[in-house]
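Q: whatever this is, show me its structure:
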Amino acid sequence: MLRQQDVGHRIVVRRIVGIREGRPLFTDALGELVELSETHITLATDRGRLRVPVDEVHRAKRVPPARRPTAAAVVALELAADEAWPAPVRARLGDWLLRAAEGWTGRANSALPVGDPDRPLPAALDAVERWYADHGRPALVNTPLPLAAPVGAELDARGWAARPPTLVQTAALAALPPAPPARVDLPPVELADSPSEAWLAVAGARKGGLPDVARQVLTAVDRIRFAHVYADGRLLAAGRGTVTGGGRWLGLTSVEVLPEARRQGLAGRVVHALVDWGLAEGATHAFLQVEQRNTSAVNLYRGLGFTTHHTYLTRVAPA
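A: Numbers count the residues shown, from 1 in each chain. As a prediction, this is how the structure comes out:
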């Protein structure tokens, strides 16, 4: 059967729809798993959203994507994402990227093994470990899958652990649903080219602190906007948009709504405001990265039209 970590992935559900001559009748549904509860499986199919009661499910399982992105497409998107979250300390190992930011966020403190490291794989990983040791940081490697599966296999053999999977999701901006009508009872989304102190405080609370290096990671992008939603002088929601990858990709990061302001549609409004800005900047597609286990966020982005392009695992060297 399915598990919560299957949310956001393609599944097939065999459903019991009746009985004929004492035998069950089945029908199959194929789509992306949107929600999994104790009572229902909800999936997005080509014909729309389908909600299947669990007691009608004969079998359900995860299946491969309809079409995997090419290796070149994965590499291009990973490099655009790297531009959007720039680590201040960087080096190259052939085509691989080595990144450090005093430990602030895994993305800015991990090696990105895409392309040719210009040496055999075991020697490349030895060099990664030395580089991070020289910088006083634990070695981390982000492995986009299935592209970096050989790297993952070598790390398995070395006893490296894996953090929970992250979904890299994308959408064509022109295909996204329109923003909902403005509501007089909700404050507007304000965009600025720098974050307010309140915005930074929200980001720091989410990321476990905000050292000086974090400001560089957050702001050192040429084309960038910070979304703010205020009510009575208090920040209720925030978000960050960047345009990278040669102007193609709008990156959506740091979308956050304070707990007391959730379930009012503010996250969706922040996303739509940043999408409008990205379109004005000439971007054609958007990407975001969300932990697979964060089912509420996965469901939000699925409702906005995002689908999973690929996944990655952050691998952690043994202590």
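Q: show me the longest strand that occurs in the protein.
A: strand 23-36 (DSSP state E).
Q: mind listing what's buried along that one?
A: 29, 31, 32, 33, 34, 35, 36 (16 or more other CB atoms under 10 Å). For the C-beta atoms, the positions are set from N, CA and C on the backbone; glycine is no exception.
Q: just the closest of the residues you listed to residue 62, please.
A: When those are compared for distance to residue 62 (CB to CB), residue 33 wins out at 7.8 Å.
Q: these two touch, right, that closest one and residue 5?
A: No - using CB atoms under 8 Å, residue 33 is not in contact with residue 5, being 10.0 Å away.
Q: ok, the longest strand of the chain: who's next to it in the sheet?
A: Strand pairing for strand 23-36, using DSSP bridges, gives strand 10-20 (antiparallel), strand 40-45 (antiparallel).
Q: adding mean neighbour count, distance to residue 100 and mean pLDDT, write the ones you listed out as CSV.
A: Shown next, in CSV, are those (neighbours: other CB atoms under 10 Å; distance: least, CB to CB, whole Å; pLDDT from 0 to 100):
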stretch, mean neighbour count, distance to residue 100, mean pLDDT
strand 10-20, 14, 36, 92
strand 40-45, 18, 39, 85
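Q: possible to save the ones you listed as a markdown table with distance to residue 285?
A: Output for the strands paired with strand 23-36, formatted as a markdown table (distance: least, CB to CB, whole Å):
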| stretch | distance to residue 285 |
| --- | --- |
| strand 10-20 | 20 |
| strand 40-45 | 19 |
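Q: what's the closest of these to residue 88?
A: Closest to residue 88 of the strands paired with strand 23-36, according to CB to CB: strand 10-20, at 37.8 Å.
Q: picking up where we left off before, among the strands paired with strand 23-36, which is nearest residue 185?
A: Among these, the nearest to residue 185 by CB to CB is strand 40-45 (28.7 Å).
Q: let me see the mean pLDDT of stretch 72-79.
A: The average pLDDT within stretch 72-79 is 97.
Q: one more: stretch 53-64?
A: pLDDT averaged over stretch 53-64 gives 91.
Q: cool, stretch 146-158 as well?
A: Rounded mean pLDDT across stretch 146-158 is 93.
Q: residue 60 bridge partners, please.
A: Bridge pairing for residue 60 - DSSP bridges - gives residue 13.
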